[in-house]
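Visitor: The following comprises the amino acid sequence and a computationally predicted model.
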Amino acid sequence: MCGIVGYLGNKEKKEILLDGLQELEYRGYDSAGIAVIEGEKLNSFKAVGKLENLREKTKNFHTEHFGVSIGHTRWATHGKPTELNAHPHIGNYSYVVHNGIIENYQILKKALQAEGITFLSQTDTETIVHLFEKYHKELHDPFNAFKQTVQRLEGAYATLLITEADPETIYFAKNGSPMLIGFDGDEIYFASSDTPIIGKAKEVYYLEDGEYGFAKAGTVKLYNASGEKSFTKQALTKDKVLAQKEGYRFFMEKEIYEQSRIMGETIMGRVLDESIDFEELDKEFFKDIHALKICACGTSYHAALTASYLFERIAKIPCHVEIASEFRYKEPLLNKDTLFITISQSGETADTLEALKMAKRAGLRSLTVCNVDNSSIVRESDRAILTRAGIEKGVASTKAFATQTMVLWMLSLYVGQIKGMISKEVLQKEIAAMLHTPKALIVNDTLHEKIRRLSKRYLHGHGFFFIGRDLFYPLALEGALKLKEISYLHAEGYPAGEMKHGPIALADSGLFTVALMPKTLHYEKIKSNVEELSARDATILAISPEPFELADDFIQTAYDSHPMLEFFEMMIVTQLLALEISVRLGNDVDMPRNLAKSVTVE
Ligand code: F6R
């Protein structure tokens, strides 16, 4: 999703901005732009599409002296992905970049238009720069003009503003969207996440909601509703976790293959010989907790749904799962004996973050399962368990889902232990399966080749149904989501037993059914459901350790000893199937159209 980079100092600003934006590229965007003020010189460039287009446009532009600069990658929310709608947005003598959504922008825009101000774009962001210039005209003081502007904004924002009225200053404000400030002596950096400034800044301050201020002459002045605020910088990690394709065709393919290795890291020090241990947690944290509520979005929601089966089955604790964007507006009843768990790969998903804040306001204890340390959700939660998946570049999540599911499986045992709900035998059996999981995730070349070959038969039809029961229902949802994200084909995940209550009306040879048929969970039940579809001529791709004679295509899996081993093995099959179909359709596997890696708008 949208990315921000800012820099104040003597170095070549164009390169700092473009390199920084490149680091954020994997999050998804459809246009980009930069603006620089150096001495009296003000320059800005914008381009639709990939950053190469912006690089091309700026190839003869160089900066040599002290100056201020801001850059942005935009993922369209208000208005099409055009050059006019790309950031930075200009007023008469100021530029602004912004992530998030200004919810009251229409009211503000109308009022500004009534005063004769002309808007060039369809965006909510442009309101900020015009509001600033209006107040500046009235107050003749850039800082107070910016402060007044920020006070008028409702919604989520992280914003940077530069202006000829104060050409050596960068103004900033943050509320609901992530933003940090990096420091290296007199040089000051801004970014919407730490990757663009790693290796450049030495220290960092992660802005809190409601904070605003300005950077000038190597110092930062910070304010919130109570006035000026002191802040403590922390050391910024020096290690950029560089993601490279390492010989794979796509990041997504590499990430599917590396699931086996990273799963070893996810369980390291946590799955012990006779118990599960999380150094992030203790018994006290679960005192008087009698229920769990999990909130998440997309793939993370599917991991949550999988976990709800495990928590109730293993830990015998009631567990409710909700899509974060639904939870926020349903006026939920929240009890303090409920632990509020969020799941997020990025740790920046706006809906999940806001759901968490609601739960905190209601006095609930909170825990997050997240892949990004220091992300907004991690910082907002009472406790955090990191999934240790490493940076995930493919927009379609694979290894993040696998590691989330693993952490939640471990957590269900951990809670079961604390509550005394789990026998020694069950614990031993689960631990043995957990330790075996990295093996079950090894991608077998023959399997991959088989999926590649049969993918050619699944490029048309009028839709896919992924079906499964129990734990394999969330996996069916996830398999369908992966396919639609990168193939742009219609796919739905469904509980297999529910097909006869409506969707079976769609069954004919053009309906592709991907049937998840584990041996260890309700095999006979799902078999009957698939038979019902086969009898209506649906085309069946069955995935199972048990040969299934009615399948049009059959992928035989190896594991039949534990549901979770079957789960992870089948997960790999669905991921590879989506990948190979997408490749055959000629789509951009790693950056599918319309999608963003980090969804920081609600
Ligand atoms: C799909 C995918 C998304 C995310 C969702 C939530 O492949 O990645 O559905 O799962 O946008 O994002 P996080 O997990 O970062 O909160």
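Guide: Yep, it's here.
Visitor: pretty sure Ser561 is touching Leu521, no?
Guide: No: Ser561 is beyond contact range of Leu521, at 12.0 Å (criterion: CB atoms under 8 Å). For glycine as for every other residue, the C-beta is placed from the backbone atoms N, C-alpha and C.
Visitor: So for the two, which residue has more residues nearby?
Guide: Taking other CB atoms under 10 Å, Ser561 and Leu521 do not tie; Leu521 has more neighbours (20 against 15).
Visitor: Can you report how many residues neighbour the residue of the stretch 351-500 of the chain found nearest the ligand?
Guide: As assessed by CB to the nearest ligand atom, the ligand sits closest to Ser397 within the stretch 351-500 of the chain, at 3.4 Å. Ser397 is flanked by 27 other residues according to other CB under 10 Å.
Visitor: do the same with Asn85
Guide: There are 23 residues near Asn85, going by other CB under 10 Å.
Visitor: need the residues of the chain near the ligand, please.
Guide: 297-300, 344-346, 349, 352, 396-397, 481, 485, 599 (CB under 6 Å from any ligand atom).
Visitor: Run through the strands of the stretch 251-400 of the chain in chain order.
Guide: Under the criterion DSSP state E, counting those that start in this stretch, strands of the stretch 251-400 of the chain are mapped to 291-296, 319-323, 338-344, 365-370, 383-386.
Visitor: can you put the ones you listed in CSV and add mean pLDDT, mean neighbour count and distance to Ala496?
Guide: Rendered in CSV, the data for the strands of the stretch 251-400 of the chain read as follows (pLDDT from 0 to 100; neighbours: other CB atoms under 10 Å; distance: least, CB to CB, whole Å):
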stretch, mean pLDDT, mean neighbour count, distance to Ala496
strand 291-296, 98, 25, 23
strand 319-323, 97, 19, 19
strand 338-344, 98, 27, 25
strand 365-370, 98, 25, 27
strand 383-386, 96, 20, 31
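Visitor: Which residues lie in contact with Gly416 in this structure?
Guide: Going by CB atoms under 8 Å, 6 or more residues apart in numbering, Gly416 touches Ile314, Ala315, Lys316, Ile422, Val426, Leu427.
Visitor: List the contacts of the fifth one.
Guide: In this case it means Val426. Contacts for Val426 were tallied using CB under 8 Å, 6+ apart; they are Ile314, Gly416.
Visitor: If we use 7 Å, what do you get?
Guide: Taking CB atoms under 7 Å, 6 or more residues apart in numbering, we find Val426 in contact with no residue.
Visitor: pretty sure Leu489 contacts Phe465?
Guide: No: using CB atoms under 7 Å, Leu489 makes no contact with Phe465, being 11.8 Å away.
Visitor: Compare those two (neighbour count), which wins?
Guide: More crowded of Leu489 and Phe465, by other CB under 10 Å: Phe465, with 24 against 20.
Visitor: my guess is the more buried one is in a strand, correct?
Guide: Yes: counting by DSSP: H, G, I helix; E, B strand; the rest coil, Phe465 falls inside a strand.
Visitor: Now list the buried members of the contacts of Gly416.
Guide: Listed as buried from these are Ile314, Ala315, Ile422, Leu427; burial here means 16 or more other CB atoms under 10 Å.
Visitor: Pretty sure Val415 is one of the things the second one touches, is it not?
Guide: Read it as Ala315. Yes: taking contacts as CB under 7 Å, Ala315 lies within contact range of Val415: 4.1 Å.
Visitor: follow-up on the earlier one: now tabulate the contacts of Gly416 in TSV and tack on pLDDT and distance to Tyr7.
Guide: Converted to TSV, the contacts of Gly416 look like this (pLDDT from 0 to 100; distance: CB to CB, whole Å):
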residue	pLDDT	distance to Tyr7
Ile314	96	50
Ala315	96	49
Lys316	96	54
Ile422	94	53
Val426	93	55
Leu427	94	53
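Visitor: which of these sit farthest apart?
Guide: Lys316 and Leu427 (13.5 Å; CB to CB).
Visitor: The residue in the stretch 201-350 of the chain that the ligand sits nearest to: what's it in contact with?
Guide: Residue nearest to the ligand within the stretch 201-350 of the chain (CB to the nearest ligand atom): Gly298, separated by 1.9 Å. Contacts for Gly298 (CB under 7 Å, 6+ apart) come out as Leu481.
Visitor: same check, this time on the one 10 residues further on
Guide: Neighbouring residues of Ser308 by CB under 7 Å, 6+ apart: Ile294, Cys319, Val321.
Visitor: Please apply the same query to Arg383.
Guide: Applying CB under 7 Å, 6+ apart to Arg383 gives the contacts Glu280, Leu281, Phe285, Leu367.
Visitor: Identify the bridge partners of it.
Guide: Note on Arg383: beta-bridge partners by DSSP bridges are Leu367.
Visitor: The residue nearest to His436 when sequence neighbours are not counted is in what secondary structure piece?
Guide: In this structure, His436 finds its nearest non-sequential neighbour in Leu565, 6.2 Å apart by CB to CB, 6 or more residues apart in numbering. Using DSSP states H and E, Leu565 falls within helix 563-584.
Visitor: Am I right that Leu435 sits in a strand?
Guide: No: the assignment for Leu435, made by three-state DSSP, is helix rather than a strand.
Visitor: Run through the chain and note the low-pLDDT ranges.
Guide: 1, 26-28, 239-244, 601 (pLDDT under 70).
Visitor: care to break it down by domain?
Guide: 3-244, 251-439, 445-584 (automatic domain parsing).
Visitor: so can I have CSV of the ones you listed showing distance to Arg593?
Guide: Formatted as CSV, the domains of the chain follow (distance: least, CB to CB, whole Å):
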stretch, distance to Arg593
domain 3-244, 9
domain 251-439, 10
domain 445-584, 7
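Visitor: need the contact list for Arg452.
Guide: Shown in contact with Arg452 (CB under 7 Å, 6+ apart): Glu580.
Visitor: What backbone torsions are found at it?
Guide: Dihedral angles of Arg452 (phi, psi; degrees, to the nearest 10) stand at phi -60, psi -40.
Visitor: Surely Thr306 touches Tyr473?
Guide: No: counting by CB under 7 Å, Tyr473 is not a contact partner of Thr306; they are 8.8 Å apart.
Visitor: Show me which of these two is the more surrounded one.
Guide: Between Thr306 and Tyr473, Thr306 has the larger neighbour count (other CB under 10 Å), namely 27 against 23.
Visitor: ok, and the closest non-adjacent residue to that one?
Guide: Per CB to CB, 6+ apart, closest to Thr306 is Pro474, 4.3 Å.
Visitor: Over to that neighbour. Which of the three states is it?
Guide: Of the three states, Pro474 takes helix under three-state DSSP.
Visitor: so how many other residues sit close to it?
Guide: If you count neighbours by other CB under 10 Å, Pro474 ends up with 25.
Visitor: for it, what are its contacts?
Guide: Applying CB under 7 Å, 6+ apart to Pro474 gives the contacts His302, Leu305, Thr306.
Visitor: cutoff 10 Å now
Guide: Pro474 sits next to 301-309, 321, 401, 405, 468, 493, 495, 567 when contact means CB atoms under 10 Å, 6 or more residues apart in numbering.
Visitor: just the residues you listed now: which is nearest Tyr257?
Guide: Using CB to CB, Phe401 is the member of these that lies nearest Tyr257, at 14.8 Å.
Visitor: Check for me that that closest one belongs to a strand.
Guide: No: remark: Phe401 does not belong to a strand; assigned using three-state DSSP, it is helix.
Visitor: What are the neighbouring residues in contact with the closest residue to it other than its chain neighbours?
Guide: Distance criterion CB to CB, 6+ apart; nearest residue to Phe401, sequence neighbours excluded, is Thr299 at 4.9 Å. With contact set as CB under 10 Å, 6+ apart, Thr299 has these partners: 343-345, 396-398, 400-401, 404, 477-478, 481-482, 485.
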